[in-house]
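Student: Based on what follows, work out the 3D shape:
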Amino acid sequence: MALDESQLHCQQIYFPNGYGHLLYGELFLPAGEAEARVARRHQQVDENSGEAEARVPIRDWHSQFHQPRTSIFRVDPHATVGGTIFPPLTSIFRAGVVLTHGFRAGPPDWERSRYLARRLSGQGAAVLCFDYRGVGQSQGEMREAGLTNYALDLGAAVSHLLSFVSQVVVVAHSFGGQVAMARAAEDPRIAAVCTLGTPRHSLPIFQQVLSPERYAELVGGAEIRFADRYGSFPLRPGFHYDLVRYNMIELVPRIAPRPLLLVYAGADNLTPLTEGYDLLAAAGEPKALEIVAGADHFFSRRQHREALAATIEHWLARIG
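Tutor: Below you'll find the predicted structure:
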């Protein structure tokens, strides 16, 4: 699908996770609704003598904006703006989508999320892309990274989007897919789950990235530094003990009867496809597994993102 880059629009926002952090997100909205929200924000600034409580900086890699073709919202003229958060809006019975990254995120992850957000909002959906605590411009530290804390953040994102849509579908990459499964198992507000390159077990991946020796130090109680393409940060022993609390084979059946789509990259060097089939076998109906041939773990190439987006669009059309 060709995208008209001149018609792109989104809003950079912060929303609270309820645990002392403001999480950074990008909210892709239909044109009329986005314009109305900006107008109300400007009105609030004028009423505050030209001083806004929180101005959200724009990252250079978040320079594309999207204006979907079909509006799925109507404006509530009585809504007010409070603090750093845009107001809830009158709901129309259409689903929104929360897009989440994996354990870490950088430009390749944001580019993939932006592309998917533009494609899905181009079909009239509201899409929220957000960063977990300690990632990007979200508050917090990577010391707090972990499946439990990320699941709390995902719950806050779902709450924020549900303030103006009727249903939320979660699309989550890699470790974020485990977060989505864990959250959906306990949170009936999530209407459907789609995971991208998500492993059954994260422990072997982290051991591979850190080395078995370094991971043994972590398990032994030492705080170590995790290094990847985006830099380095301290990793606490609690990360490991939190991780092993979760068994995806036990959690994934609890998503049913809500739809589940498992998508895997054909040339993934981190997540074995066999783990996807293990999750598929354990999951309840309705469920499906799709493979994007030739794609790497991050779906880095444009043709693979296009195939990924088409796969998700077809799935949403079937379950919608």
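Student: use CA for all of it now, contacts and neighbours both
Tutor: OK.
Student: correct me, but Glu313 touches Arg118?
Tutor: No - at 11.7 Å, Glu313 does not count as touching Arg118 under the criterion of CA atoms under 8 Å.
Student: burial measure for the closest residue to Arg301 other than its chain neighbours, as a count.
Tutor: Among residues not flanking Arg301 along the chain, Ala295 sits closest, at 7.3 Å (CA to CA, 6 or more residues apart in numbering). Look at Ala295: counted by other CA atoms under 10 Å, it has 21 neighbours.
Student: got it, and Ala227?
Tutor: Neighbours of Ala227 under the rule other CA under 10 Å: 13.
Student: Surely it is in a helix?
Tutor: No - counting by DSSP: H, G, I helix; E, B strand; the rest coil, Ala227 is not found in a helix; it is strand.
Student: residue contacts, it?
Tutor: Residues near Ala227 by CA atoms under 8 Å, 6 or more residues apart in numbering: Leu210, Phe233.
Student: Name the residues linked to it by a beta bridge.
Tutor: Ser232 (DSSP bridges).
Student: Give the other helices and strands that the host helix or strand of Thr311 contacts.
Tutor: Using DSSP states H and E, Thr311 sits in helix 302-319. Packing partners of helix 302-319 (3 or more CA pairs under 8 Å, 6 or more residues apart in numbering; DSSP states H and E): helix 107-121, strand 287-292.
Student: try 10 Å this time
Tutor: Secondary-structure packing of helix 302-319 (3 or more CA pairs under 10 Å, 6 or more residues apart in numbering; DSSP states H and E): helix 107-121, strand 190-196, strand 260-265, strand 287-292.
Student: Now mean pLDDT, distance to Arg214 and mean neighbour count too, for the ones you listed, in CSV please.
Tutor: Listed next are those as CSV, based on pLDDT from 0 to 100; distance: least, CA to CA, whole Å; neighbours: other CA atoms under 10 Å:
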stretch, mean pLDDT, distance to Arg214, mean neighbour count
helix 107-121, 90, 26, 21
strand 190-196, 97, 27, 24
strand 260-265, 98, 28, 25
strand 287-292, 97, 33, 17
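Student: coming back round to it: quick one: residues contacting the residue nearest to Arg301.
Tutor: Residues near Ala295 by CA atoms under 10 Å, 6 or more residues apart in numbering: Tyr264, Ala265, Gly266, Ala267, Asp268, Arg301, Arg302, Gln303, His304, Arg305, Ala307, Leu308.
Student: Quickly note the distance from it to Ala145.
Tutor: Ala295 is 27 Å from Ala145, where distance means CA to CA, to the nearest Å.
Student: From what I see, His173 and Val98 are in contact.
Tutor: No - here His173 does not reach Val98: they are 11.3 Å apart, not a contact under CA atoms under 10 Å.
Student: These two - which one has more neighbours?
Tutor: More neighbours surround His173 than the other of His173 and Val98, with 27 against 23 (other CA under 10 Å).
Student: measure the closest residue to the more buried one other than its chain neighbours to Arg305 for me?
Tutor: Among residues not flanking His173 along the chain, Leu196 sits closest, at 4.5 Å (CA to CA, 6+ apart). Distance of Leu196 to Arg305, given as CA to CA: 11 Å.
Student: any shared contact partners between those two?
Tutor: Phe298, Phe299.
Student: for the residue nearest to His173, what are its contacts?
Tutor: By CA under 10 Å, 6+ apart, the contact set of Leu196 is 101-102, 171-178, 261-265, 276, 290-291, 297-299, 308.
Student: returning to what we had before: closest to Leu218 out of the contacts of Ala295?
Tutor: Using CA to CA, Asp268 is the member of those that lies nearest Leu218, at 26.2 Å.
Student: hang on, the earlier thing: can you mark which positions in the helix holding Thr311 are buried?
Tutor: Across helix 302-319, burial judged by 16 or more other CA atoms under 10 Å covers His304, Arg305, Glu306, Ala307, Leu308, Ala309, Ala310, Thr311, Ile312, Trp315, Leu316.
Student: Got phi/psi on the most centrally placed residue in the chain?
Tutor: Taking CA atoms, centre = their mean as the criterion, Thr100 is the residue nearest the geometric centre of the chain, at 1.4 Å. Listed backbone geometry of Thr100 is phi -130, psi 150, with angles given as degrees, to the nearest 10.
Student: That one pairs with what?
Tutor: With DSSP bridges as the rule, Thr100 is bridged to Ala172.
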